[in-house]
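Colleague: Pasted the sequence and its predicted model underneath.
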Amino acid sequence: MRALVTGATGFTGTALCERLVRDGWDVSAFVRPSSRKQRLEELGVRCIENDIASEDSVRRTFPDTDVVFHIAAAYRAEHADHDEFVHVNVDATRHMLEEAQRRDVSRFVHCSTVGVQGEIEDPPAAEDYRFKPGDHYQESKLAGEQVALEFAGKGFAVSVVRPVGIYGPGDTRFLKLFKPVAKGYFIMIGAGKSLYHMTFIDDLVEGFMLAATREEAIGEVFTIAGAEYTTLNELVGRIASALGVKRRRFHIPLQPVLWASVVCDKLCRSLGVSPPLYPRRVEFFMLDRAFSIDKARRLLGYEPKVSLDEGLRRTAEWYRSQNLL
């Protein structure tokens with residue numbers, strides 16, 4: 001089988017390429033000229049320089065392939081250019097789908113995000129829970145998902161995967177949570193009772209593989225997540241256990257920090273600089289993010305293999321091996 005992966009130099013894309021190569025797939029990847037390609041080249045992945053936001057570039061460089069895994073995205077950066085989100089998360093998705101359909105690609109797996117559903121007011125949320133994107137990134141990801149489903153509605157073999165809180169060795173996004181816990185200075189903003197859900201990278205990759213190979217996946221949307229979700233208090237405690245450190249409990253009231261984040265955000269916006277504190281960062285401590293994976297279990301046979309505690313332990317070990325803690 002031949003696969004084309006976009007976003008292959010990112011954390012998720014690289015892990016997917018490693019799995020595909022290990023399973024014997026012939027793998028190509030669309031990469032930006034500035035991307036670090038060493039790991040992909042070591043794997044034997046054919047790296048094709050490409051601008052997926054350009055319809056002409058996609059058409060000229062699109063290789064013969066059986067399955068497309070569209071992972072690439074313009075990710076959230078506070079005050080990032082709205083047009084950039086649209087170009088990458090919406091326009092590029094359409095370019096990839098159009099060319100894949102034109103070339104009779106057998107399957108197209110589109111990576112979305114549970115962020116399209118925003119805050120979960122009555123958790124856990126299933127795939128048909130209402131949409132409530134909270135920023136330009138989530139709005140553009142919702143629009144990109146709808147483009148993918150538009151093609152599915154016309155008979156193209158498309159599946160949509162919505163990952164939840166991706167973590168594991170190789171990821172640094174959750175380092176900002178592990179590091180203060182390891183150093184003993186993590187401060188919980190608010191009561192820590194909001195819910196959070198995580199997905200170990202190996203389980204997410206398995207979800208992508210199932211979406212690409214199971215007939216039941218065609219035309220469907222799947223939330224891929226770990227087997228359990230926890231309160232933030234419990235998550236921090238389990239990170240401390242994974243690190244082998246004693247958790248120190250520091251809490252500060254949420255409301256003053258939220259007010260400060262609004263002021264900081266507006267001030268930095270007026271100055272044209274990236275704010276160190278902004279409302280969406282504080283919302284991590286406020287909003288419930290918990291999801292059901294019943295549909296993926298039922299239709300795909302998906303079952304998370306890495307428990308939360310095991311995943312946190314492996315991640316902590318990797319951070320330490322990289323001298324990040």
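Modeller: Structure's in. What do you need?

Colleague: name the element the nearest residue to Ile52 once chain neighbours are set aside belongs to?
Modeller: Of all residues not flanking Ile52 in the chain, Ala92 sits nearest, at 4.0 Å (Cβ to Cβ, 6 or more residues apart in numbering). For the C-beta atoms, the positions are set from N, CA and C on the backbone; glycine is no exception. Assigned by DSSP states H and E, Ala92 belongs to helix 92-102.

Colleague: counting contacts, what elements does that helix pack onto?
Modeller: Using 3 or more Cβ pairs under 8 Å, 6 or more residues apart in numbering; DSSP states H and E, the elements in contact with helix 92-102 are helix 55-61, strand 67-70, strand 107-111, helix 136-153.

Colleague: So for Arg39, which of those sits nearest?
Modeller: Shortest distance between Arg39 and those, using Cβ to Cβ, is found for strand 67-70: 16.5 Å.

Colleague: which is the next helix or strand following that closest one?
Modeller: Downstream of strand 67-70, the next assigned helix or strand under DSSP H and E is helix 82-86.

Colleague: Could I get the average pLDDT for that following helix?
Modeller: For helix 82-86, mean pLDDT is 83.

Colleague: other SSEs contacting it?
Modeller: helix 136-153.

Colleague: Next secondary structure after the helix it packs on?
Modeller: Once the chain leaves helix 136-153, the next helix or strand it forms, by DSSP H and E, is strand 158-163.

Colleague: Who does that following strand pair with, and is each partner parallel or antiparallel?
Modeller: Next to strand 158-163 in the sheet, as set by DSSP bridges, lie strand 107-111 (parallel), strand 221-224 (parallel).

Colleague: hey, where'd the strands end up in this protein?
Modeller: Ranges of strands within the chain are 2-6, 26-31, 46-49, 67-70, 107-111, 158-163, 166-167, 188-189, 195-197, 199-200, 221-224, 229-231, 251-252, based on DSSP state E.

Colleague: closest one to Ile120 among these?
Modeller: Closest approach to Ile120 among the strands of the chain is made by strand 195-197 (7.5 Å; Cβ to Cβ).

Colleague: For that closest one, name the packing helices and strands.
Modeller: strand 229-231, helix 232-243.

Colleague: got a list of contacts for that strand?
Modeller: By Cβ atoms under 8 Å, 6 or more residues apart in numbering, the list of residues contacting strand 195-197 from outside reads 120, 123-124, 164-165, 225-226, 229-232, 235, 288-291.

Colleague: quick one: which of these is most hemmed in?
Modeller: Ala225 (29 neighbours; other Cβ atoms under 10 Å).
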